[in-house]
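Novice: structure of the sequence below:
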Amino acid sequence: MFNNFDFSGKKILVAEDEKTNYLFLEALLKRTSAQLMWAENGKIAIEAVKENDDIDLILMDIKMPEVDGYQATKEIKELKPNLPIIAQTAYALAGEKEKILEAGCDDYLSKPIMGKLLLEKIDAYLKK
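Specialist: This is a model prediction of the structure:
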């Protein structure tokens, strides 16, 4: 089911403060041949985008220390408006999706992340 996604030559930045969540995403994306980078908070994610011109997509956790996903997304979109950002959040409250999209995220998924749905969304953005 997951083996039909090939992201060879693509670099995905995972902004996620929880190591277990990162390891889940790493295990899921390993099968796609994507190159992964890990930013443990929004501040590191912003720096990673400034230092790496070859990032193709970002998976952005919303609730992170230092700089949250909302602020990180706003700053990254100022630097690279066309860089796709998919938010991931455990806070699927009313109005949350609107707030995430207003911050500049292109899409969002609520946790727990469904692997197939995540891969389909990534695939769609990488093909644009």
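
Novice: A103 - how many residues pack around it?
Specialist: Residues contacting A103 under the criterion other CB atoms under 10 Å number 20. No exception for glycine: its C-beta is placed from N, CA and C like everyone else's.

Novice: contacts only, for it.
Specialist: 69-71, 73-74, 87 (CB atoms under 8 Å, 6 or more residues apart in numbering).

Novice: go on, I76?
Specialist: Here I76 is in contact with 45-46, 49, 58, 83, 85, 104 (CB under 8 Å, 6+ apart).

Novice: any idea how far T89 lies from K99?
Specialist: In this view, T89 and K99 are 10 Å apart by CB to CB, to the nearest Å.

Novice: more neighbours, the two?
Specialist: Between T89 and K99, counted using other CB under 10 Å, the more crowded position is T89 (20 against 16).

Novice: ignoring the adjacent residues along the chain, who's closest to that one?
Specialist: Excluding its sequence neighbours, the residue lying closest to T89 (CB to CB, 6 or more residues apart in numbering) is I62, at 4.1 Å.

Novice: that neighbour: neighbouring residues, count only.
Specialist: 23.

Novice: what ranges do the helices span in the chain?
Specialist: 19-30, 42-51, 69-79, 96-102, 115-127 (DSSP state H).

Novice: now the helix or strand of the chain with the lowest mean pLDDT: buried residues?
Specialist: The helix or strand of the chain with the poorest confidence is helix 96-102; it has a mean of 88 (mean pLDDT, DSSP states H and E). For helix 96-102, the neighbour count (16 or more other CB atoms under 10 Å) marks 97, 99-100 as buried.

Novice: could the residues you listed be laid out in TSV, adding distance to A39?
Specialist: Converted to TSV, these look like this (distance: CB to CB, whole Å):
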residue	distance to A39
K97	23
K99	21
I100	18
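
Novice: identify, from these, the entry nearest to M37.
Specialist: I100 (21.4 Å; CB to CB).

Novice: quick check: the closest one touching L109?
Specialist: No - between I100 and L109 there is no contact under CB atoms under 8 Å: 10.1 Å.
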